[in-house]
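Enquirer: Build me a model:
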Amino acid sequence: MATCATYTGGYCARFINYPIFVPPGGSIAAAEAVLKAGGMDLLLSLNASTPADRPCVTAFVESVCYASYPSCKNNAVVDVPCLSVCEKAVSECTSLFTMFGKVKSLPNCAGNVVNLNVPYSTSSTCLGYKSAAIEAPLEPPTGPVSPYVCPSFLIKHPAYNDSNPKQVLPIVHGQNCIGPCCVPCPILHQFYDPDQIYGFNIWFQGSSLVSFLGALFCSTSYLIFGHRRVHPGKMMMFFSFGMTVFHSCQIMGLGSDGYRITCLDAITESHFENGPACSYQAFMLVFSGLYTIFWINMFMFNLYLQLVWRKDWFGEKYPHLLTFSILYSATPAVILLANKDVANTGFTCLSQVDTAMEYMLYPLAFVGWPGTICMEIRRAQTPTLKELMESPWQRHPNRTITSRT
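Expert: Numbers count the residues shown, from 1 in each chain. Just a heads-up that it's a prediction; the model follows:
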């Protein structure tokens, strides 16, 4: 049967100073075990090591303690947590719990108190209404020090010392840490299944190597056989050069876990300031990518002009085309480095997601639209298959057909 009991100490000693309600079949030890399983040790460690997290820890612990131990009189519940206590816990902890993937652990202030079939209270006697402990930060846990274990996929900061939980870890650009726990590098891949990422890494490195060897073979062939370096094959030669450079940058991480260039260590992502190799890869991928796209577009546009208009405009203009192709390809790449927009994209370094349009897509549209417009105009002028199949008198009903004798 339900009983009233005196709280004998534990996670909630700071808040509980009244007779508590123990449900039928329950015990204080069982309630403490539930709190421990819910990550109470992690919260107390964050409270000790990260001052910025203490408002959240205090508010959440207060809310969950009052919900776990409502006040009791005559073996019945008297008071439950205040609605304001619940709302403060949600307000203070949403961002932190989101980082840890524990948003569902936050209380539902619009519903009933956890484990009780009653809503949060707004009365002046509700638990936490005038709690002096609300503004006081929790003291770090005492007792023997045990190795800290990070929850879920997070890993412990290499500089964290278990014997000094109050230490303040340095804030480093490229790291995403909360207290002693950090998101592994690269962050992007933590949203996917590790086995799938491993399989994709094998496929990515293998396909990049095959593509590089194929592009290198084509480039070498043009260098060896000089008679092949004539128009319009010369366009494909420049295209092959661009592909060789592009794929050579893709295989910079060959033979590793895929993160040789994009991660400095297990928790630090490469970027402009800390990774010269990452910056080089981003610059060359943008440059060679645009350079390759430029020459394949020129080849297709030249083919269109020769087949449709019987024109050979580019045959004598290679010095101009080559100069323009270099300027066109290098300009976005130089701006990328000047703006320090180099970012980790998983297995390669490229631009920030929000600036990819400026460095890649807009330049691609610039060289792609002339051929597209000309092709669409020509397509509009070309008779349809139905029109071509019609007989002359069907297409010109008023036309008189005469026979020759």
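
Enquirer: Low-confidence regions, the stretch 1-150 of the chain specifically.
Expert: Within the stretch 1-150 of the chain, the stretches with pLDDT under 70 are 42, 44-52, 130-146.

Enquirer: Next, the contact list for the spatially most central residue of the chain, please.
Expert: Closest residue to the average C-alpha location of the chain: Leu188 at 3.6 Å, with CA atoms, centre = their mean. Contacts were defined as CB atoms under 8 Å, 6 or more residues apart in numbering; by that measure Leu188 touches Asn344, Thr345, Gly346. To be clear about C-beta, it is placed using only N, CA and C from the backbone, and glycine gets the same treatment.

Enquirer: Got the phi and psi for the second one?
Expert: Recorded main-chain torsions at Thr345 are phi -120, psi 20, according to degrees, to the nearest 10.

Enquirer: Can you get me a residue count around it?
Expert: 17 (other CB atoms under 10 Å).

Enquirer: Once you drop chain neighbours, what's closest to it?
Expert: Leu188 (6.9 Å; CB to CB, 6 or more residues apart in numbering).

Enquirer: hang on, that neighbour is in a strand, isn't it?
Expert: No - going by DSSP: H, G, I helix; E, B strand; the rest coil, the assignment for Leu188 is helix, not a strand.

Enquirer: so how far is Cys263 from it?
Expert: Leu188 is 11 Å from Cys263, where distance means CB to CB, to the nearest Å.

Enquirer: where do the contact lists of those two overlap?
Expert: Common neighbours of Leu188 and Cys263 (criterion: CB under 8 Å, 6+ apart): Asn344.

Enquirer: how about the helices in the stretch 201-350 of the chain?
Expert: Using DSSP state H, counting those that start in this stretch, the helices of the stretch 201-350 of the chain run over 233-250, 276-308, 318-338.

Enquirer: Would you mind checking the average pLDDT for stretch 280-298?
Expert: Model confidence over stretch 280-298, given as mean pLDDT, is 95.

Enquirer: CA atoms only for it, dumped as PDB, please.
Expert: C-alpha atoms of stretch 280-298 as PDB (Å, rounded to 0.1, in the frame of the first residue of the first chain):
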ATOM      1  CA  TYR A 280      44.200  23.000 -50.700                       C
ATOM      2  CA  GLN A 281      41.700  20.300 -51.400                       C
ATOM      3  CA  ALA A 282      38.700  22.700 -51.300                       C
ATOM      4  CA  PHE A 283      40.500  25.100 -53.700                       C
ATOM      5  CA  MET A 284      41.500  22.500 -56.200                       C
ATOM      6  CA  LEU A 285      38.100  20.700 -56.200                       C
ATOM      7  CA  VAL A 286      36.400  24.000 -56.900                       C
ATOM      8  CA  PHE A 287      39.000  25.100 -59.500                       C
ATOM      9  CA  SER A 288      39.200  21.700 -61.400                       C
ATOM     10  CA  GLY A 289      35.500  21.100 -61.100                       C
ATOM     11  CA  LEU A 290      34.600  24.400 -62.800                       C
ATOM     12  CA  TYR A 291      37.500  23.900 -65.300                       C
ATOM     13  CA  THR A 292      36.200  20.500 -66.300                       C
ATOM     14  CA  ILE A 293      32.600  21.700 -66.600                       C
ATOM     15  CA  PHE A 294      33.800  24.600 -68.800                       C
ATOM     16  CA  TRP A 295      35.500  22.400 -71.300                       C
ATOM     17  CA  ILE A 296      32.800  19.800 -71.600                       C
ATOM     18  CA  ASN A 297      30.300  22.600 -72.100                       C
ATOM     19  CA  MET A 298      32.500  24.100 -74.800                       C
END
